[in-house]
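Visitor: have a look at this prediction, sequence included:
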Amino acid sequence: MRLDKFLSDMGAGTRSELKKEIRRSGVTVDGKVIKDPGFSIDASSYVVFRGSVIEYEEFVYYMLNKPAGIISASDDDRESTVVDLIGEPKRRDLFPVGRLDRDTEGLLLITNDGALAHRLLSPKHHVDKVYYARVSGILEDSDIELFRDGLVLTDGLECLPAELKVLSVSEDDYTSEAEITIREGKFHQVKRMFSSIGAEVVYLKRLSMGPLVLDPGLEPGAYRRLTEEEMSSLGL
Ligand code: URA
């Protein structure tokens, strides 16, 4: 791999900035100062840049507690995105695994591993996603059965069976709290499912995706690398 591409992939800067800096100040590769941005390196090369050793990592994985008000995209001309929340130095090839609505909070995996994203998102794999929802409306036992039997949305879309757990109901406020497990990820799916039974989602948070559970220590907007155990639970 070219030296400038390697440093850019590892989050040291853009290719054009790095080309200039390498020509000007050089990079130490295996003890020699290199000023050629196209110099060829491999995984065993010992690279020191700006005084730090830069180790090669093919894939990175972050667990983010997505805050409300931020869009699930890699970059956007006008708005800040979930990837912007990952601080520097960061790789330029990060993306969120799936989308949460702008007003939805909770677990979002940010990575550059396309194969893992495909495994988690492919409709064939039916990965469980658990959400906490506060809805306007009174949830009843009969709703649990409707979700379990597979709801048909108002536009005719048939949902796979889902698990609805009613956590609390307040007749005074006319609100309910619930946990819902779905095995697919259609656009606005949870909101549309509740809407089809006459309840409106007023707050939504994703708690888990497959084996990955949102770390309760992460405040909205905070993130961390996945642990070794989390990575192995994902088969990494
Ligand atoms: N379902 C929704 O309606 N919104 C989300 O953000 C995620 C699932």
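Guide: On my side now, so go ahead.
Visitor: if you look at stretch 106-120, does any of it touch the ligand?
Guide: No - using C-beta under 6 Å from any ligand atom, stretch 106-120 never reaches the ligand; the gap is at least 8.5 Å. Quick note: C-beta positions are derived from backbone N, CA and C, even for glycine.
Visitor: which phi and psi values does the residue of the chain positioned farthest from its centre adopt?
Guide: Among residues of the chain, the one most distant from the C-alpha centroid is Lys32; the distance is 39.3 Å, by C-alpha atoms, centre = their mean. Backbone geometry at Lys32, expressed as degrees, to the nearest 10, gives phi -110, psi 140.
Visitor: for Asp9, same thing?
Guide: phi -60, psi -30.
Visitor: repeat for Asp93
Guide: Given degrees, to the nearest 10, the pair of backbone angles that Asp93 has is phi -110, psi 20.
Visitor: could you do Val27 as well?
Guide: According to degrees, to the nearest 10, Val27 has phi -130, psi 140.
Visitor: the ligand versus that one, what's the distance?
Guide: 43 Å (C-beta to the nearest ligand atom, to the nearest Å).
Visitor: now swap in Pro211 and tell me
Guide: Separation of Pro211 from the ligand (C-beta to the nearest ligand atom): 19 Å.
Visitor: near the ligand, which residues of this structure are found?
Guide: Proximity of the chain to the ligand (C-beta under 6 Å from any ligand atom) is limited to residues Leu100, Asp101, Thr104, His188, Gln189, Val190, Lys191, Leu204.
Visitor: from these, keep the buried residues only.
Guide: Leu100, Asp101, Thr104, Gln189, Val190, Lys191, Leu204 (16 or more other C-beta atoms under 10 Å).
Visitor: so the fifth one touches Lys205, yeah?
Guide: Read it as Val190. No - contact criterion C-beta atoms under 8 Å: Val190 and Lys205 do not qualify, at 10.3 Å.
Visitor: what is in contact with these two at once?
Guide: Residues touching both Val190 and Lys205 (C-beta atoms under 8 Å, 6 or more residues apart in numbering): Tyr131, Ala133.
Visitor: partner residues bridging the residue farthest from the centre of the chain?
Guide: Beta bridges link Lys32 to Val29, judged by DSSP bridges.
Visitor: and the contacts of stretch 64-74?
Guide: Outside stretch 64-74, the residues that touch it by C-beta under 8 Å, 6+ apart are 79-83, 85-86, 94-96, 98-110, 206, 214-215, 218-223.
Visitor: at 6 Å what do you get?
Guide: 79, 81-83, 95-96, 99-100, 102-103, 105, 108, 110, 218, 220-223 (C-beta atoms under 6 Å, 6 or more residues apart in numbering).
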